[in-house]
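Student: Have a look at this prediction, sequence included:
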Amino acid sequence: MTTPSEFIPVLVTARSAKRTDRRDPRLPVAHLFSEDKARRLWEAVPDPYRLDHFDSANMPPLYDQAFVGHYSRSADRVVKAVTLRDLPTPMIWELCWFIHQEVINGGMIDRLRFGALRQVLLNALRHGSAQARAARSVTALTPDDWLKHARRGLMHLTPATRKFYEQHTRGALKRCQDRLAHAYHDGQWWQLDVWNPAMDTRIPVREHEPNGRHVTNFSRLNTEWLREGAKWWLGIALSSGQYTWSTLKTRVDSLKWLERYIDQIGCAGPQLVADPHELRPWVRGFLETVRQHRVVTGPTKGKPLGMVVRRQINNTVEAFYRFMYDHREEAATALAEPRWRLLEPHYCAIIPLEYKPRRVNKLSDDLVLEDEVVSQIAAGSGALAAPKSEGGIGDIQAFHALMLLLRTGRRLHEILLMDFDPLKPLLSRHGHGEDEGDEFVARMTYQLTKTSDGPAPSIPVDAEIVQIVRAQQQWAQQFMVDQGAPEGTIPQYLFLRTRGNRLGKLPYSAGTLPGRLRVLTELLSVTDSVGRPVAISKTHRFRHTRATSLINAGVPIHVVMRYLGHITPTMTLHYAKTLAETAEREFLRFKKVTADGRQAAIDPSDLYDLLALQKRADRVLPNGWCMLPPKQVCTKGNACLSCEKWVTDQSHRDELVRQLDQTEALVDQRQTQFAARYGEPMGEDNVWLAGRLAETTALRKVLVALDQVAVLDGDQMRAVRGAGVPDRPESTPEQSRGNIA
């Protein structure tokens, strides 16, 4: 980050900010230029590419594949030649550097379009105003001014040709100036109002950043102290790794609500009010404005902002002021704004507690898709790959991505940012189903986009998923050939952006796929069992569906955690909310018997409700459960086998067998010791031996009952009652419920 002496203010120009800006609209680009800077750009271009003319005689191989040629009547062949000659020397340096940047970043150089750019510059230099004729840099005039000054020299062209020049030159000039503005900028990257990692390599972003092509625009923060403070705060947070690039947009959007209120009401600087006693009313007014706002567009039009949005606004404003208070001295110096020193400790909790929405982890009821719905989506997904001439969407990448989303339950970015070859060998092969096709045959790796310290990002996959990946690899390889990539170029990603991506460095856009799936939703008109339409574009529902199916299939929570890439069980347990019926079914699957091997008369469903095992862990025993009413206290110590309140089932059979073996071994050992000391074994009337024999008898009865219950009862889910105590008369289920209750 910058030191106070390095702070370089940015001159403000009259041009207003636009959402589509790719660079700081306040930058006086013409003032950034100097011949020394232009020469440094020229010298940064490797020697084989440092030319003012490219033709078949000197075209470097790297450029030959990136230049788009067109048929020339005079040469009677396709020509790719591009010349920069006759332009001022600094302008040649700039354009040569610009061409090199476009090529190494996977762009294409079209001969006709670049020729049109050169002609516009030449005509403006020859026929324009004195300012245009004196220009020595591409940054000297705006794109519109270049075209205006060149118009006189283009009058001899046909209207169609002039339209072509204007259409393509404006965009090329803007893109060139955007690159030059970042290259010429002398200050710190965070001082710019528009942060663009695609053109400013100084911005620290992750290697696989889902939103790496997006810009963060601070231009809508009109209040200077707020805008500069926000840039300083978020610049430090990004550099330190506290925030990722994807997080910045939500923080800036939240601060726009504070800016909106300041524009309406006004403020007294960073401290907001001149009188400290007025701070709370001012903040409450801001929070009430946010609460009363009604959404203008979208599916929630006319409704108030959601709780999540309001909580994000509150948290962002409070985090901003907490940071600025902690660094108020440094901020006052670095930002040349001494009023930051006026912040007091209570600004760290600037949002009143009563205005902080409670965090409610309430999930929608329709997050999990029915099996029939998933089958309908899978059956109709071929429309994504079908050609448009056949009524399809014509995007085979979207088809492959949807298939992987359905089958694996990965997040959208995890699929779209996968490496070109995500498959690794499986060290040991295990099936997860009865069919041979269900056997795991490889591991599929993916990128961690939501967390950075989760488990190793890979999951086992079957042959069908491997086949999908291989098909997408074949498509990507052919795409690279069609784009003219150098021979042997391996794309960085499996799913590729199809425009301006000659080297395969850019992934398929996460904004494109939902649009394709919305079209598919309209084509298929999928509905659930109650007739509600299913939006296929909500891809996170596939993740919920996959997780729920794993949990309901009996997969342990820690295994599901590992599969989903969760760090803690908290998020995994969101999916476990649908586990209640499965848990009850699994509990009732085992019949309950007691120490004397008899079935309990209580209905097993009532037994499940009575135990409430998830809340009554003190009633869970190593070899069964205690049916003692919650308000009563056990007085029998560990004599469970002789207690009528003890029950067990088939799931504890191994523990009961082990307990029987240990008890019998202990009896034999004590008999040997007793005989060695007294010359005869213990009699059955021995108080210790009588207790152990009662335990072994009870255990044998229980094991016999457990082995026979399934055969005797078939599918009837009945428990058994009693213990190693004298028989009692049978009672009706109603009486049993009354006794236990």
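Tutor: That came in fine, so what should we check first? For clarity, every value in this text was computed on a predicted model and none was experimentally measured.

Student: I'd like to know how far Pro299 sits from Lys538.
Tutor: Distance from Pro299 to Lys538, counting by Cβ to Cβ, to the nearest Å: 12 Å. (Each C-beta comes from the backbone N, C-alpha and C, glycine too.)

Student: and the two? which has more neighbours close in?
Tutor: Neighbour count, other Cβ atoms under 10 Å: between Pro299 and Lys538, Lys538 has more, with 17 against 6.

Student: tell me the SS of the more buried one?
Tutor: The assignment at Lys538 comes out as coil when based on DSSP: H, G, I helix; E, B strand; the rest coil.

Student: I'd like the distance between it and Pro514.
Tutor: Counting by Cβ to Cβ, the gap from Lys538 to Pro514 is 8 Å.

Student: Report the buried residues of stretch 500-516.
Tutor: In terms of neighbour count (16 or more other Cβ atoms under 10 Å), stretch 500-516 has its buried residues at 501-504, 506-510, 512-514, 516.

Student: outside of it, which residues touch it?
Tutor: 65-66, 105-108, 210-211, 213, 384, 393, 395, 397-398, 401-402, 412-413, 416-417, 420, 476, 479-480, 483-485, 489-493, 495-497, 537, 539 (Cβ atoms under 8 Å, 6 or more residues apart in numbering).

Student: distance between the ends of that stretch?
Tutor: Taking Cα to Cα, to the nearest Å, stretch 500-516 runs 20 Å from one end to the other.

Student: what pLDDT, on average, does the helix or strand encompassing Ile92 get?
Tutor: Secondary structure assignment for Ile92, by DSSP states H and E: helix 89-104. For helix 89-104, the mean pLDDT works out to 95.

Student: elements contacting it?
Tutor: helix 35-44, helix 61-64, strand 109-110, helix 111-127, helix 159-184 (3 or more Cβ pairs under 8 Å, 6 or more residues apart in numbering; DSSP states H and E).

Student: how near is the residue nearest to Glu94 when sequence neighbours are not counted to Thr297?
Tutor: Of all residues not flanking Glu94 in the chain, Val138 sits nearest, at 5.1 Å (Cβ to Cβ, 6 or more residues apart in numbering). Per Cβ to Cβ, Val138 is found 38 Å from Thr297.

Student: which of the two has more neighbours?
Tutor: Val138 (27 against 7).

Student: That one and Val120 touch, don't they?
Tutor: No: between Val138 and Val120 there is no contact under Cβ atoms under 8 Å: 10.7 Å.

Student: quick one: common contacting residues for the two?
Tutor: What both Val138 and Val120 touch, as defined by Cβ under 8 Å, 6+ apart, is the set Leu173.

Student: can you pull the pLDDT of the residue nearest the centre of the chain?
Tutor: Centrality entry for the chain: nearest residue to the mean C-alpha point is Lys450, 4.2 Å, by Cα atoms, centre = their mean. On pLDDT, Lys450 comes in at 70.

Student: Next up, the contacts around it.
Tutor: 411, 413, 565.

Student: Strands along the protein, start to end?
Tutor: Applying DSSP state E to the chain gives strands spanning 53-54, 67-68, 70-72, 77-79, 82-83, 109-110, 194-195, 216-217, 423-425, 440-445, 458-462, 620-621, 624-626, 646-647.

Student: What residues sit buried inside the fourth one?
Tutor: Yep, that's strand 77-79 we're talking about. Buried positions in strand 77-79, judged by neighbour count with 16+ other Cβ under 10 Å: Val79.

Student: Show me what it pairs with in its sheet, parallel or antiparallel.
Tutor: The pairing partners recorded for strand 77-79 under DSSP bridges are strand 70-72 (antiparallel).

Student: And the first one, by the same measure?
Tutor: In the sheet containing strand 53-54, its partner strands are strand 82-83 (antiparallel), by DSSP bridges.

Student: ok, and the closest non-adjacent residue to Ile393?
Tutor: Nearest residue to Ile393 in three dimensions, chain neighbours excluded: Leu384, at 5.0 Å (Cβ to Cβ, 6+ apart).

Student: try Ala274
Tutor: Nearest to Ala274 is Ala268, by Cβ to Cβ, 6+ apart, at 4.5 Å.

Student: For the one you found, give me the pLDDT.
Tutor: The model's pLDDT for Ala268 equals 93.

Student: Tally up the residues packed near it, please.
Tutor: The number of residues near Ala268, taken as other Cβ under 10 Å, comes to 13.

Student: these two touch, right, it and Trp282?
Tutor: No: taking contacts as Cβ under 8 Å, Ala268 lies outside contact range of Trp282: 9.2 Å.

Student: Contacts only, for Phe164.
Tutor: By Cβ under 8 Å, 6+ apart, Phe164 lies in contact with Ala116.

Student: ok so, going back, so how far is the helix holding Ile92 from its chain's centroid?
Tutor: With Cα atoms, centre = their mean, to the nearest Å as the basis, helix 89-104 stands 37 Å off its chain's centre.

Student: Name the residues that touch that helix?
Tutor: 33, 35, 38-39, 41-42, 44-46, 49-52, 62-63, 66, 82, 84-85, 87, 108-109, 114, 118, 121, 135-139, 176, 179-180, 183.

Student: likewise stretch 197-207?
Tutor: 22-23, 178-179, 182, 189, 192, 195-196, 209, 212-213, 215, 238-239, 244-245.

Student: of those residues, buried ones?
Tutor: By neighbour count, with 16+ other Cβ under 10 Å, the contacts of stretch 197-207 hold 22-23, 178-179, 182, 189, 192, 195-196, 209, 212, 215, 238, 244-245 as buried.

Student: Now do the helices in the stretch 551-700 of the chain.
Tutor: Taking DSSP state H, counting those that start in this stretch, the helices of the stretch 551-700 of the chain run over residues 557-564, 569-575, 580-589, 604-611, 653-678, 687-713.

Student: Tell me the gap between the longest one and the middle of its chain.
Tutor: Same thing as helix 687-713. Taking Cα atoms, centre = their mean, one finds helix 687-713 lying 55 Å from the centre of the chain it belongs to.

Student: was I right about Leu248 contacting Gly235?
Tutor: No: taking Cβ under 8 Å as the definition, Leu248 is not a contact partner of Gly235, at 9.6 Å.

Student: could you list every residue that touches Glu680?
Tutor: Here Glu680 is in contact with Phe674 (Cβ under 8 Å, 6+ apart).

Student: how close does it sit to Phe674?
Tutor: Counting by Cβ to Cβ, the separation of Glu680 from Phe674 is 8 Å.

Student: What of Leu95?
Tutor: 105 Å.

Student: again, but for Met91
Tutor: 109 Å.

Student: neighbour count winner among those two?
Tutor: Counted by other Cβ under 10 Å, Met91 and Phe674 do not tie: Met91 has more neighbours, with 21 against 17.
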